[in-house]
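Asker: the amino acid sequence is not available; the structure is as follows:
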C-alpha cells in the first residue's frame with residue numbers, strides 16, 4: 001500500500017518486539033512545549049528583557065540549539081509535526097481540517113513510548129484535533145486558554161483547592177501532582193504544554209499574567225521594536241501588509257501604551273513558565289528522579305513583537321520560524337555546548353525515541369539530536385530544510401521556502417512571483433531582499449529547484465490531485481475549444497479525497513502566470529461546494545482565438561488541501577463547427593465468459609475510436625442518438641454530442657420522429673453531464689415545432705402523407721413525455737400540465753384505434769397490416785397494455801428484424817432486458833451484429849447494450865452523482881466492465897460461482913453513490929462488504945469505493 005502505512009506496519013511491531021524492556025533504567029523524559037515563545041525570548045540568548053533563570057540554567061547545563069526551526073510557524077500544524085514526526089506538507093493538519101489522520105498517529109511518539117513500556121502523560125494545550133488521546137497517554141488533561149472569553153477569564157478558569165489560578169500555574173501544579181504519584185516500576189514521559197505566552201486574541205488587554213510576575217520589567221521602558229520603522233513595513237508584500245499580521249499589530253503594538261503593555265505581558269508570561277520549571281526541578285530532586293530525568297524545552301513557533309510593524313507568526317522570517325530549544329540530560333557529564341546546526345521541530349520525536357532506546361520510524365522526517373548531547377563533534381548532515389505555512393485562511397497568505405545555514409528563500413503560494421531571498425550570514429535580520437538582483441539569479445534558481453524537490457519529497461501519500469480536466473465536457477489532451485465565453489469547468493476527484501468539500505480554479509492568460517499560481521483571468525478563490533462538474537467561468541471577459549491555461553485544486557473530505565492539478569489549455573472559438581470530433585483511446589473495457597459478446601464489444605470500441613463523429617449531412621438524427629450513447633460508453637468527451645445537437649437544431653423539422661430524437665439526445669446529455677443549458681436554450685424551439693403538429697379530433701396525429709400511423713404517433717407520444725420532463729425541470733408549470741394531458745390523450749387514442757383484436761399494433765389506421773417497428777416503439781414507450789406485453793414480444797421475435805432501425809433495435813433491447821428476456825436479447829444482438837448490411841452505427845450497438853442493459857449502468861441522477869446498476873448477467877459465468885463518467889471510472893466484476901452463490905463487485909468514484917437493483921428472491925441472503933443486508937426494497941445502496949455484493953441461496 002502507500003509508503004506511510006507500510007512503514008508503520010513494519011516499524012511498530014519491530015519497535016515493540018525489540019525494545020520493550022523489563023529494566024527501568026531508561027531515562028524519564030519531561031518535554032516542555034511553550035506557545036509562541038520565539039528563539040530569543042530567553043535570557044541565555046542575550047535578551048535583557050527575558051527573566052528566565054531556570055531556562056538559562058537548563059541551557060547552561062545542557063545543550064542549547066541556537067538555530068532551531070519550527071518548519072511550520074503555526075501552533076496546530078507545528079504540534080502535529082512534533083507528534084507525528086512529519087512535515088506539514090505530509091500530514092496536512094492545521095486549523096479547520098478534520099482530525100489528523102489516524103494513519104499518521106499510529107506512529108505518534110507518545111504511542112510508541114507507551115507501547116514500549118513508558119508511562120505517558122500530557123497536561124495543557126494538546127493543540128491537535130485527535131479523538132484517541134487515551135491511546136497516546138496513560139493520563140492526560142487537555143485544556144487551553146479560552147479564546148471565547150473577552151477578559152482575564154481566558155487564562156483564569158482552572159482551580160487549585162478552590163482558588164482560581166492562572167493556566168501556567170495550573171499546568172505546573174499538574175506536573176507536581178504527576179511526579180507525586182508516578183509509577184515507580186516503569187519510566188515516564190511527561191509532556192507539559194503551556195498555553196503561555198500566547199495572547200488572548202479576543203480581549204482588549206491581549207496579555208494576562210500571574211501577578212507574582214509583576215516585578216518583571218516593572219521599572220523598565222521596553223526599547224522600540226527592531227525594524228519598527230515605516231520603511232520596513234512598506235517593503236513588505238501587499239498580501240502581508242493587507243493581512244492578519246498587520247491587524248494583530250493594531251491590537252497590540254500600534255500605540256506606545258499597547259506596545260509596552262503587550263511586550264511586558266509577553267515576557268512576564270514566560271517568566272511564569274520559568275517559575276514552574278523551578279518547582280518541577282525541585283520536585284524531581286525531592287523524589288530522587290533528577291539524576292535520570294531528561295528535560296527538553298521548546299517553543300512551538302516564533303512571534304513578531306512589532307518588528308516590521310506586524311504581529312503574530314505564520315510568515316517565513318526568522319522571528320516567526322525560529323524557536324528556543326534546549327536539552328538537558330543529567331546522565332551526561334560536560335555536555336554543555338551551543339549548537340549552530342539547524343535543529344527542527346520534527347527532530348523532537350526522533351530525539352525522544354532515541355532517549356528511550358527505540359527504533360525511529362523510517363517514515364519520520366526528523367533526526368535524533370542526542371548525538372550533540374553525547375559527543376563533541378556531531379553533525380546532522382542537513383543542508384536545506386523545507387519551511388512552510390499552508391493553511392488557507394483569509395488575510396494570512398500561505399508561503400513555502402527553504403532555509404540553509406547561509407540562505408533563505410521563500411515565496412507566497414498563491415502568487416509565486418512574490419519571492420524573497422536573504423543572505424543570512426551577511427543579513428541575519430532579513431532586510432535586503434536579493435530575489436530581483438540578477439547577481440544572485442543562479443542562487444535563486446538553485447533554491448527554487450531545491451524547494452520544489454523538497455515539496456515533492458514530502459508529498460502526502462493520502463492526497464492526490466484532480467485529474468481528467470475538461471472544458472464544456474471536452475477533455476482534449478492538447479487544447480479544448482469552447483464557443484461559450486463562459487465555459488464550464490470539470491474534473492475528476494481522486495479517490496484519496498473520498499469527496500470534495502471545496503475547490504479553487506485558476507485561469508491564466510499565460511503558462512508562466514499559471515505556473516506562479518496567478519489567475520489573472522480568473523481566480524475563483526475557495527468555493528465551498530462539492531460539485532466537480534458544471535462549474536461556470538466567472539472571470540474577466542475571454543478573448544477569441546487566444547490560448548488560456550487553467551488548473552484546479554480541491555479540499556478533501558477532511559478539508560485537507562491538495563496540490564494543484566496538472567495544467568490544461570483551452571481557447572474560445574467563434575463557431576462550434578471548428579471544434580473537432582474525437583474521443584481518446586478510452587480506458588473503457590469489457591470482458592465476459594461469452595467470446596462472441598466480447599468480440600462484438602471490441603468491434604464497437606474500435607468503431608467508436610475510429611469514427612466518433614456525427615456528420616449531419618450523412619446521418620439521421622436517430623443514428624446520431626445511437627452514436628451519442630455509443631460514445632458515452634467509451635469517453636467523457638460529451639462536447640461531441642453537444643455540438644451535434646447544436647448542428648441538428650439549426651435545421652430541425654416538424655417530423656415527430658426528428659423532434660423526439662433531438663429531445664432524447666437533450667435528455668441523455670443532461671443525465672450524463674448534469675448540465676441543462678441546452679434544454680434551456682432549445683426548449684422553446686422544440687415546444688414551437690411540437691405545437692405545429694396538431695392532434696385530430698380522435699387524439700391522433702397525421703403524418704406528412706395525411707395518414708395516422710403508429711410510428712408517428714408513438715414518437716409524438718414519447719416527445720410529449722420528454723417535454724413534460726423538460727417543463728418540470730425548467731419550472732414551466734402550465735406547460736407541464738398541458739403536456740401531461742396531451743400525452744395521456746394520445747396514449748388512449750393509440751390503444752383505442754391502433755391496437756388490433758390480436759393485441760398487436762397496426763401500422764396505419766384503416767389498414768390491417770402490422771409492422772415490427774410500430775410494435776417495438778409501442779413496447780419501448782410503454783404503450784402496450786400490460787396484458788398484451790407477452791403477445792407483442794412474441795410477435796416481434798417471430799418476424800424479420802432486418803429493416804429495423806438501429807435506434808429502434810436499441811429500444812427493443814431495453815424492453816427485452818426489462819422483461820428479463822436476457823437469453824432472447826443475446827440471440828437477437830448476435831443476429832443484428834452479423835446481418836449483411838452492417839453499418840458503422842450498427843457495429844456500435846453492442847457496446848451500448850452491454851453497458852446500459854446487460855450491466856444496466858445508467859445515471860440515476862443528472863451528472864452521475866448517483867448511478868443505477870441493474871445487471872442482467874445470469875447467462876454469463878463471469879464478466880467485468882470499466883465505464884468512464886464525468887465523476888470517474890465505474891468498475892464492475894461478476895462471478896457466477898454456482899446457483900447458490902454469485903458475487904458482484906462494484907467500485908464507484910469518490911464523488912458517486914448508487915443503487916444496485918435486482919429481483920431478489922425470498923431465498924436470497926445478500927451481503928454487502930461482508931454485512932448482511934435487507935432486500936425488502938429491491939435495491940441496495942452503493943457507496944464510493946468498493947462494494948462487494950454476495951448473493952447466497954441457502955435452500956436445499
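Answerer: Okay, I see it. All values derive from a computational prediction rather than experimental measurement.
Asker: domain map for the chain?
Answerer: Split into domains by automatic domain parsing, the chain comes to 3-17+29-380, 467-578, 855-956.
Asker: relative to residue 791, which of these is closest?
Answerer: domain 855-956 (22.2 Å; Cβ to Cβ). Where C-beta positions appear, they are placed from N, C-alpha and C, glycine not excepted.
Asker: looking at the domains of the chain, which is closest to residue 676?
Answerer: Counting by Cβ to Cβ, residue 676 lies closest to domain 855-956 out of those; the figure is 7.5 Å.
Asker: can I get the domains of the chain in TSV with mean neighbour count, mean pLDDT and distance to residue 697?
Answerer: Shown next, in TSV, are the domains of the chain (neighbours: other Cβ atoms under 10 Å; pLDDT from 0 to 100; distance: least, Cβ to Cβ, whole Å):
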stretch	mean neighbour count	mean pLDDT	distance to residue 697
domain 3-17+29-380	20	95	66
domain 467-578	19	90	43
domain 855-956	17	92	38
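Asker: touching, residue 151 and residue 203? I think so.
Answerer: Yes. Between residue 151 and residue 203 a contact is recorded at 6.0 Å, counting by Cβ atoms under 8 Å.
Asker: can you point me to the longest strand in the protein?
Answerer: Assignment by DSSP state E gives strand 888-898 as the longest strand of the chain.
Asker: and that strand, what does it pack against?
Answerer: The contact analysis (3 or more Cβ pairs under 8 Å, 6 or more residues apart in numbering; DSSP states H and E) places strand 888-898 against strand 878-885, strand 901-908.
Asker: residue 468: which element?
Answerer: Using DSSP states H and E, residue 468 sits in strand 467-471.
Asker: swap in residue 721?
Answerer: Per DSSP H and E: residue 721 is located in helix 710-729.
Asker: what's the distance between residue 139 and residue 180?
Answerer: Residue 139 is 12 Å from residue 180, where distance means Cβ to Cβ, to the nearest Å.
Asker: try residue 904
Answerer: Separation of residue 904 from residue 180 (Cβ to Cβ) stands at 62 Å.
Asker: how about residue 232, what does it touch?
Answerer: Residue 232 sits next to 307-309, 431 when contact means Cβ atoms under 8 Å, 6 or more residues apart in numbering.
Asker: quick check, it in a strand?
Answerer: No. With DSSP: H, G, I helix; E, B strand; the rest coil as the criterion, residue 232 is located in helix rather than a strand.
Asker: and the residue nearest the centre of the chain, what does it touch?
Answerer: Centroid check for the chain by Cα atoms, centre = their mean gives residue 556 as the closest residue, at 2.5 Å. Residue 556 makes contacts with 463, 496-501, 562, as judged by Cβ under 8 Å, 6+ apart.
Asker: I figured residue 508 hits residue 540, correct?
Answerer: No. If you go by Cβ under 8 Å, residue 508 and residue 540 don't touch, sitting 11.0 Å apart.
Asker: which residues do the two both contact?
Answerer: With Cβ under 8 Å, 6+ apart as the test, residue 508 and residue 540 both reach 520-521.
Asker: list phi and psi for the closest residue to residue 805 other than its chain neighbours.
Answerer: Counting by Cβ to Cβ, 6 or more residues apart in numbering, residue 805 lies nearest to residue 622, which is 5.7 Å off, once chain neighbours are set aside. Dihedral angles of residue 622 (phi, psi; degrees, to the nearest 10) stand at phi -60, psi -40.
Asker: residue 657 is in contact with residue 622, correct?
Answerer: Yes. With contacts defined as Cβ under 8 Å, residue 622 counts as touching residue 657 at a distance of 6.9 Å.
Asker: the longest strand of the chain: how far from the chain's middle?
Answerer: When distances are taken as Cα atoms, centre = their mean, to the nearest Å, strand 888-898 is centred 26 Å away from the chain's centroid.
Asker: give the contact list for residue 195.
Answerer: 35, 124-125, 144-145, 155, 167-168, 171.
Asker: who are the neighbours in contact with residue 920?
Answerer: Residue 920 neighbours (Cβ under 8 Å, 6+ apart): 926, 935, 938, 951.
Asker: now with 10 Å, please.
Answerer: Each residue near residue 920 by Cβ atoms under 10 Å, 6 or more residues apart in numbering is listed here: 926, 933-940, 951.
Asker: of these, which is the nearest to residue 234?
Answerer: Distances from residue 234 to the contacts of residue 920, taken by Cβ to Cβ, are shortest for residue 940, at 64.5 Å.
Asker: wait, a helix at the closest one?
Answerer: No. Under the criterion used here (three-state DSSP), residue 940 is strand, not part of a helix.
Asker: which residues does it contact?
Answerer: Counting by Cβ under 10 Å, 6+ apart, residue 940 makes contact with 869, 904, 906, 914-918, 920, 926-928, 933-934, 947, 949.
Asker: and what of residue 264?
Answerer: By Cβ under 10 Å, 6+ apart, residue 264 lies in contact with 49, 207, 209, 213-214, 216-218, 220-222.
Asker: please apply the same query to residue 654.
Answerer: Taking Cβ under 10 Å, 6+ apart, we find residue 654 in contact with 688-693, 704.
Asker: roughly how far apart are it and residue 686?
Answerer: Noted for residue 654: a distance of 11 Å to residue 686, by Cβ to Cβ.
Asker: swap in residue 240?
Answerer: Taken as Cβ to Cβ, the span from residue 240 to residue 686 is 56 Å.
Asker: with residue 712 instead?
Answerer: 17 Å.
Asker: close enough to count as contact, residue 134 and residue 142?
Answerer: No. Counting by Cβ atoms under 10 Å, residue 134 does not reach residue 142; the two are 11.1 Å apart.
Asker: got the helices and strands packed on strand 888-898 as TSV, with distance to residue 528 columns?
Answerer: Below are the helices and strands packed on strand 888-898 laid out as TSV (distance: least, Cβ to Cβ, whole Å):
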stretch	distance to residue 528
strand 878-885	24
strand 901-908	23
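Asker: residues contacting the spatially closest residue to residue 370 that is not a sequence neighbour?
Answerer: Spatially, and ignoring its direct neighbours in sequence, residue 370 is nearest to residue 354 (4.6 Å; Cβ to Cβ, 6+ apart). Contact partners of residue 354, counting by Cβ under 10 Å, 6+ apart, are 347, 360, 367-371, 373-374.
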